[in-house]
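[1] Need a 3D model of the following:
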Amino acid sequence: QVQLQESGPGLVLSSQTLSLTCTVSRGSITTNPTYWSLIRQPPGKGLEWMGGIVYSGSTYYSPSLKSRTSISRDTSKNQFTLQLTSVTPEDTAVYYCAGGAAWMDYWGKGTQVTVSS
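    Residues are numbered from 1 along each chain as shown. Just a heads-up that it's a prediction; the model follows:
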């Protein structure tokens, strides 16, 4: 089955850009149709869908994060990447990659990102 692995910075300073990469194995991010998501969970809160990229390369963003979020992909590495700009301590969360034949078919284990002021 599809596997996803997050790789992120662990700690980011306020006002900087958070960059997180999702590596997909046992599946291709260009297979038609597949959908790939970035999701986060702040401490003590629920899951938040941040955005995603589909097999064609089209991107979709949560309206609340759209101004600060960019998702891109490297098809040669079977990876997709989140960039979140101007981070604040409120962006501290466990960040997940998910995707497959539906936006959240398979999930990575998640990676903790802490934003320090």
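[2] got a list of what T21 touches?
    E6, S7, G8, Q79, F80, T81, L82 (C-beta atoms under 8 Å, 6 or more residues apart in numbering). Where you see a C-beta, it was placed from the backbone N, CA and C, and this is true even at glycine.
[3] no, scratch that, I was asking about N78
    T23, V24, S25, S28, I29.
[4] what's the neighbour count on the last one?
    The number of residues packed around I29, counting by other C-beta atoms under 10 Å, is 23.
[5] one step back: return the members of the contacts of N78 classed as buried.
    T23, V24, I29 (16 or more other C-beta atoms under 10 Å).
[6] is it true that the last one lies in a helix?
    No. Checked against DSSP: H, G, I helix; E, B strand; the rest coil, I29 lies outside a helix; its state is coil.
[7] For it, list the residues it contacts.
    I29 touches W36, I53, Y55, R73, T75, N78, Q79, F80, G99, counting by C-beta under 8 Å, 6+ apart.
[8] quick one: least confident of the contacts of T21?
    Lowest pLDDT within the contacts of T21 is found at G8 (90).
[9] Specify the beta-bridge partners of the residue nearest the centre of the chain.
    The centroid of the chain falls nearest to L38 when counting by C-alpha atoms, centre = their mean (2.9 Å). Beta bridges link L38 to G51, C97, judged by DSSP bridges.
[10] And it, how close does it get to S117?
    For L38, the distance to S117 equals 23 Å [C-beta to C-beta, to the nearest Å].
[11] P33 too?
    Taking C-beta to C-beta as the measure, P33 falls 41 Å from S117.
[12] of those two, who's got more company?
    Set P33 next to S117 and count neighbours by other C-beta under 10 Å: P33 wins out with 10 against 7.
[13] Could I get the contacting residues of that one?
    P33 touches V54, Y55, A101, counting by C-beta under 8 Å, 6+ apart.
[14] Per-residue confidence, it, what does it come out as?
    P33 is assigned a pLDDT of 94 by the prediction.
[15] Under a three-state scheme, what state does it occupy?
    Assigned by three-state DSSP, the conformation of P33 is coil.
[16] Tell me the spacing between it and I71.
    P33 sits 17 Å away from I71, going by C-beta to C-beta.
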